[in-house]
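1. missing the sequence, but the structure's below:
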């Protein structure tokens, strides 16, 4: 963009060296005088600009104030992100940058120009600049009689052609809708002087044109004043709602909408809507009363809105249960009385929707919300599924391509010794003011433009400190990343701990970065960058993709997906830091025409895991745990999928054709499961029909959850088990082989001498305790005996979200290791949509109960047979009089399955309620019995014995002459099915007193004096003593940190 580069000695001889040149080709502002700079910021290593065919290195960035003469007065223009290049001949002001900021260079005699520095123009049509290159003009029209207004928006810089098109459409609209033919159009003088084609067209329609005299706005005062009122109203609405200025067309449209429905003095305090539509109705012979506007649909402008997503509205997301049900947005306008215009920040667009809920007490706070409230209308099962998923950072869309080199790699370094960034002629550039956070300038784009890659928009990382200075001052300037006993822990301390080989606990680490742009400021950013490079190298080994031309894929109509980086810490089984991990994830959420039926992959059920642990405890099986490194990429992709290259590693015009099942693709879990199953089948393992994630061979059981593999076998099978694993390692990259200690966040504590296994979630209970609002609600039982009732009023979205987080967290504990809170959690989950303060306190009580009883573990083992119990509480739900039911299944003395729920239908007697509960547990018990049989485990008796505390129910299913008298067909069907199973000796129902019934506490709130006995029946016992490898390292870390602070 520059003709030549001069040396520093010649620059002072150049006559324009101190002048600012307005350049339409430059992509950034440039100065050759560092003394002009304020708010200095050092450059990124390698930043330069092109000048002709040469490169000029950038010494830094900052702000400059220049003075301009405007209408015989001096005004100041502040330029930000100005590149400091002392070797450039003159100072450059970039027209491109100004245009993106809404400032235009007036090269025409058009009086309708717009500038941030100008007075209000005289024309009725006012220009505003949006998104840099796109200009939108507003055109207001109103009737003189009623002052009713219509607003139109021009997108092609207000040419005569566009104005004629708008007028033509408007006149046709008036004629067809209201039978109105305008006779006279009043306008300013621009129509006759600047755009005579418009005047000729209007007169050609038989309409008189009455322009105002030159420079006499008073003659067109009505239109001028209307435009001013709308501007002031829109400006006030935007500022009050804290909305970004880019939404001005929507805000102005809303202002016009409200103006037409606001009484005014000139209409004798009637609204323009009432005057206009009443007049039109009378003129057209329609007998009607006064047409007053309907205002009930109006909401607080700019308030938060929860708009139903398109997929939810169309019913497409029924099977994608964790997809968002509603977008979080803000009200910016009205399309009609029941259709709203909602701005969705996370989508960067405005949508029209009817299905929307408003929170009129909350407005936009100025920050974009990337997370969507997917729990706004979720069901109980969706909450349970949600808390078992891994939360990924919000996706970052890829907007272009970059050159294929690392960001910190130098480009054409010269042999001459140069000033380091932040220095000029050996002296430091003064930083007069604190450097505010800002978006890095576009100077580095110049290299891309010169190389022909004009589509790219590189991801730029800024740093407030010169790199070498940051390294030198790390011990002094490192920010606090956490606290310990009230003392701050900074970056330097953390690095010294890691250098000494100290095992850092999870609680001592800062949060991992959420985006690639965060790495430079993150305390462990270098470790994450190293993890990035190692991850990409691993993909080279697995041949996960191949580079292909962009046009080759695009010409075939293939969709090209984005990708993103996910950063996590890897911990050992005791939550101690091992390393930083980075994983490249495909944006599979962008894939079209993919349904859950095509991508469903089974995962190991928690019930099956407990069953396997019970079998291992009973038969003293060995349990070895393995981990498959990058599991998904071992499976080949069965279709053509293309992905953009990751940022920082891109090549112009090149994309990637994916050959392996990368993480993020919806089909990847299913492909991995198929691949692993096929491999195990080749090794001689057989699938267990009732548990697809479990396979067996010669007494060796292998079960897995995604990439976690557990091997269970007897000691006499050790050699065969090792051979099978060696064969598996030839196919996959597998690590581990230690005894099972942790699985899906559940601690496995084993007592080999007593043939017992204990399952604990102590760490999880400590984590969710932070959700408690009131720490004083502590009791010996999780729930009060009084029944909770629905809330009469409406809960706020924040209350709903907080309550749903509590119940979701409780559910994960209730379905895994803590059956004692199953009934309480089931009851509380009924109020997810509208919780009250009483419900919040009840949830806090359960959370605190878990915290107080965190050492309780679920004991498996110690018995010889399968024990099944069923119970029901007749019509105990006041609102609908449905009954509660529960069941419990024990295997070899350990509880492996339980449930507490409300029956789907109303029953008319205790016997009917007990029958339904008995039928449900019989099905579950038969399923469990078949699974046990498929695992080659024998029970003492093939008949399943079920305990029941209702003798009438037992007689109905066991005695030949007993008959149930009921008009409920479904109850009668369950009765006959149970009688069939009893006759075939598949089940046997026996009487057990309620006090000895294990399922009794799953259907009702037990008093304190019965609670201890209930815990014993469930097999919940305290285990405080852990083996050394299971102990929490917090005490050790605290001691080392205290020693470090003393040093």
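-> Right, received. Where do you want to start? Being a predicted model, the structure only gives us computed values, none of them experimental.
2. Got the domain ranges for the chain?
-> What automatic domain parsing lists as the domains of the chain is 8-108+407-451, 126-253, 262-295, 303-386, 506-593+607-704+712-717, 757-1022.
3. Mean pLDDT and distance to residue 728 added to these, as a markdown table?
-> In this view, the C-beta of every residue, glycine as well, is placed from N, C-alpha and C. As requested, those are arranged in a markdown table below (pLDDT from 0 to 100; distance: least, CB to CB, whole Å):
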| stretch | mean pLDDT | distance to residue 728 |
| --- | --- | --- |
| domain 8-108+407-451 | 65 | 39 |
| domain 126-253 | 72 | 55 |
| domain 262-295 | 78 | 70 |
| domain 303-386 | 68 | 30 |
| domain 506-593+607-704+712-717 | 89 | 7 |
| domain 757-1022 | 89 | 20 |
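4. closest one to residue 750 among the ones you listed?
-> Evaluated over the domains of the chain, closeness to residue 750 peaks at domain 757-1022, with 5.3 Å, by CB to CB.
5. mind listing what's buried in stretch 16-31?
-> Residues of stretch 16-31 classed as buried by neighbour count (16 or more other CB atoms under 10 Å): 17, 20, 23, 26-31.
6. what's the spacing between residue 763 and residue 716?
-> Using CB to CB, to the nearest Å, residue 763 is found at 35 Å from residue 716.
7. Looking at the buried residues of stretch 16-31, which are in helices?
-> Residues of the buried residues of stretch 16-31 located in helices (DSSP state H): none.
8. In TSV: those residues, plus distance to residue 829.
-> Listed next are the buried residues of stretch 16-31 as TSV, based on distance: CB to CB, whole Å:
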residue	distance to residue 829
17	74
20	66
23	64
26	61
27	56
28	56
29	58
30	62
31	63
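9. which two of these lie the greatest distance from each other?
-> Spatially, the most separated pair among the buried residues of stretch 16-31 is 17 and 27, at 21.6 Å (CB to CB).
10. Identify the residues contacting residue 850.
-> For residue 850, the contacting residues are 765, 768-769, 782, 810, 813, 818, 821, by CB atoms under 8 Å, 6 or more residues apart in numbering.
11. Provide a ChimeraX selection command restricted to the buried entries of these.
-> Remark: buried members of the contacts of residue 850, expressed as a ChimeraX selection using 16+ other CB under 10 Å:
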select :765,768,769,782,810,813,818,821
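12. Turn the contacts of residue 850 into JSON lines, columns for secondary structure and distance to residue 930.
-> JSON lines is the format used below for the contacts of residue 850 (DSSP: H, G, I helix; E, B strand; the rest coil; distance: CB to CB, whole Å):
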{"residue": "765", "secondary structure": "helix", "distance to residue 930": "34"}
{"residue": "768", "secondary structure": "helix", "distance to residue 930": "35"}
{"residue": "769", "secondary structure": "helix", "distance to residue 930": "40"}
{"residue": "782", "secondary structure": "coil", "distance to residue 930": "33"}
{"residue": "810", "secondary structure": "helix", "distance to residue 930": "31"}
{"residue": "813", "secondary structure": "helix", "distance to residue 930": "28"}
{"residue": "818", "secondary structure": "coil", "distance to residue 930": "27"}
{"residue": "821", "secondary structure": "helix", "distance to residue 930": "29"}
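13. Quickly name whichever of the contacts of residue 850 is closest to residue 620.
-> residue 818 (26.2 Å).
14. thought the closest one was touching residue 854?
-> No - judged on CB atoms under 8 Å, residue 818 makes no contact with residue 854 at a distance of 9.9 Å.
15. Tell me where the stretch 751-900 of the chain has helices.
-> Counting by DSSP state H, counting those that start in this stretch, the stretch 751-900 of the chain has helices at residues 762-768, 797-814, 822-828, 837-852.
16. what's the most buried one of these?
-> helix 822-828 (a mean of 23; mean count of other CB atoms under 10 Å).
17. picking that back up, for residue 745, which of the domains of the chain is the nearest?
-> Going by CB to CB, the one of the domains of the chain nearest residue 745 is domain 757-1022, 5.9 Å.
18. before we move on, back to that, let me know which of the helices of the stretch 751-900 of the chain is the nearest to residue 1000.
-> Between residue 1000 and those, the shortest gap by CB to CB is with helix 822-828, which sits at 10.1 Å.
19. what does that closest one rub up against?
-> For helix 822-828, the external contacting residues (CB under 8 Å, 6+ apart) are 782-783, 788, 807, 810-811, 814-815, 839, 842-843, 846, 884, 886, 898-902, 1001-1005.
20. tell me how far the strand ranked longest in the chain is from the chain's mean position?
-> Taking DSSP state E as the criterion, the chain has its longest strand at strand 73-84. Distance, stretch centre to chain centre, for strand 73-84: 39 Å (CA atoms, centre = their mean, to the nearest Å).
21. Can you name the next helix or strand after that strand?
-> Later in the chain than strand 73-84, the nearest helix or strand by DSSP states H and E is strand 91-94.
22. What residues sit buried inside the longest helix along the chain?
-> The longest helix of the chain (DSSP H) is helix 910-934. Going by neighbour count (16+ other CB under 10 Å), the buried part of helix 910-934 is 910-922, 924-925, 928-929, 931-932, 934.
23. Pull the distance from the helix or strand following it to the chain's centre.
-> Per DSSP H and E, the first helix or strand lying C-terminal to helix 910-934 is strand 944-948. Averaged C-alpha coordinates place strand 944-948 at 46 Å from its chain's average position (CA atoms, centre = their mean).
24. quick one, strands of the stretch 1-150 of the chain?
-> 20-23, 30-31, 38-41, 48-51, 54-57, 61-70, 73-84, 91-94, 126-130, 134-142, 149-154 (DSSP state E, counting those that start in this stretch).
25. Please enumerate residues in contact with the shortest one?
-> Strand 30-31 is contacted by residues 37, 49, 64, 82-85, 88, 91-92, 94, 443 when judged by CB under 8 Å, 6+ apart.
26. For residue 623, give me its contacts.
-> Listed by CB under 8 Å, 6+ apart, the contact partners of residue 623 are 616, 710-712, 739-740, 748, 750.
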